[in-house]
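*Asks:* coordinates for the following, if possible.
(one chain, ligands or ions: 1)
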Amino acid sequence: MKTWLITGSSSGFGQRLALAAVRRGDQVIATARNVKAIEAMAEPFGGRMITLPLDVTAAATAKAAVARAVEAFGGFDVLVNNAGYGLFGAIEEGTPEEYRPMFEVNVFGLIETTRAALPVLRRSGGTIVNMSSGAGIAGSGGGGYYNAAKFAVEGISEALAGELEPFGIRVLIVEPGPFRTDFLGRSITLAANEMPEYAASSRKRYRETNDGNQAGDPDKAIAVILQAVDADDAPLHLPLGPVAHAIAERKMAAFRRDIEAWRSVSIATDFDQP
Ligand SMILES: NC(=O)c1ccc[n+]([C@@H]2O[C@H](COP(=O)([O-])OP(=O)(O)OC[C@H]3O[C@@H](n4cnc5c(N)ncnc54)[C@H](OP(=O)(O)O)[C@@H]3O)[C@@H](O)[C@H]2O)c1
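*Replies:* Have a look, this model is predicted:
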């Protein structure tokens, strides 16, 4: 039996993962910034699920949730940094009032929650699941701020994987393509300062036409995440769904083309090289 602490459990992946884990017999600390919204979710499970307030932008709430989790279950062995939202718009369109809060949630919130959880996880070992995105694998026009935040998640996760290995803690970076959650609806902000010059890379129409029509089934995504968390040979990177896989394949091929085409020139840079 595993014990999970999950951020952003009010909808989408977080909520479905919390329910799937508790239904298979695990213990779950489901958290949300508005705990009232998730309290009813725990009722059927007779104490195997507790709900706690956790706003990832308020580090004190993460620390308090970790302390309560220790009181209730003696700790936890899976931390899921799931809370997040997106900002669409060209880099020139975005403003600090729009992009800084997005980094506070997606990047600094993940860092603070992880820092709060690590003293517990270092004792038990376990898994940190970080929700990145296909947008964390490759950047594309109109999504640069979200790309930057999820690239940060990737870098932090890769570094954590190395430094936490001696403690028996694994890291799983989940990189979903489009899945049918609230994400393209309430969890996307569009840069307000829309510029006609960037019409070609605008995601506005993409959002309008795809919200509610994403091909990805979030319950199937959750089943894959559970399988990966349980596996002895779990990957570090887990692109989820065919779109994310195609992004990863294109990125690797383009990266390889670049490093091979310029290899002889770009490696000739050491002092002792002619
Ligand atoms: N669905 C996709 O297509 C997709 C693809 C790639 C990556 N992702 C990633 O998957 C993760 C979950 O998104 P989702 O698809 O499940 O969308 P969702 O249904 O909109 O869920 C987003 C969750 O994040 C929570 N959240 C936002 N700000 C928060 C904060 N400050 N503190 C705590 N929780 C906060 C929301 O809580 P409130 O109810 O309080 O707003 C909500 O529970 C995100 O990291 C997203 O970037 C999703």
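*Asks:* for the helix or strand of the chain with the lowest mean pLDDT, output the C-alpha coordinates as PDB.
*Replies:* Counting by mean pLDDT, DSSP states H and E, the chain has its least confident helix or strand at helix 204-210, which shows a mean of 93. Below are the C-alpha coordinates for helix 204-210, written out as PDB (Å, rounded to 0.1, in the frame of the first residue of the first chain):
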ATOM      1  CA  LYS A 204      -6.600  31.300 -29.100                       C
ATOM      2  CA  ARG A 205      -8.400  29.300 -31.800                       C
ATOM      3  CA  TYR A 206      -6.600  26.100 -30.800                       C
ATOM      4  CA  ARG A 207      -7.900  26.600 -27.300                       C
ATOM      5  CA  GLU A 208     -11.500  27.400 -28.400                       C
ATOM      6  CA  THR A 209     -11.700  24.400 -30.800                       C
ATOM      7  CA  ASN A 210     -10.000  21.900 -28.500                       C
END
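*Asks:* list the buried residues for that helix?
*Replies:* Buried residues in helix 204-210, counted by 16 or more other C-beta atoms under 10 Å: Arg207. Any C-beta I mention is one placed from the backbone N, CA and C, and that applies to glycine too.
*Asks:* packing partners of it?
*Replies:* Helix 204-210 is packed against strand 188-190, with contacts defined by 3 or more C-beta pairs under 8 Å, 6 or more residues apart in numbering; DSSP states H and E.
*Asks:* averaged pLDDT, the strand it packs on. What do you get?
*Replies:* For strand 188-190, mean pLDDT is 97.
*Asks:* in its sheet, what does that strand sit against?
*Replies:* strand 86-88 (parallel) (DSSP bridges).
*Asks:* and the contacts of the partner strand?
*Replies:* When contacts are defined by C-beta atoms under 8 Å, 6 or more residues apart in numbering, strand 86-88 is touched by residues 94, 98-99, 102, 135, 142-143, 145-146, 183, 187-191, 203-204, 207.
*Asks:* on that earlier part again, what's the following helix or strand after the least confident helix or strand of the chain?
*Replies:* Beyond helix 204-210 on the C-terminal side, the first helix or strand identified by DSSP states H and E is helix 218-230.
*Asks:* and the next helix or strand after that following helix, average pLDDT?
*Replies:* The first helix or strand that comes after helix 218-230 along the chain, using DSSP H and E, is strand 237-240. Taken as a whole, strand 237-240 carries a mean pLDDT of 98.
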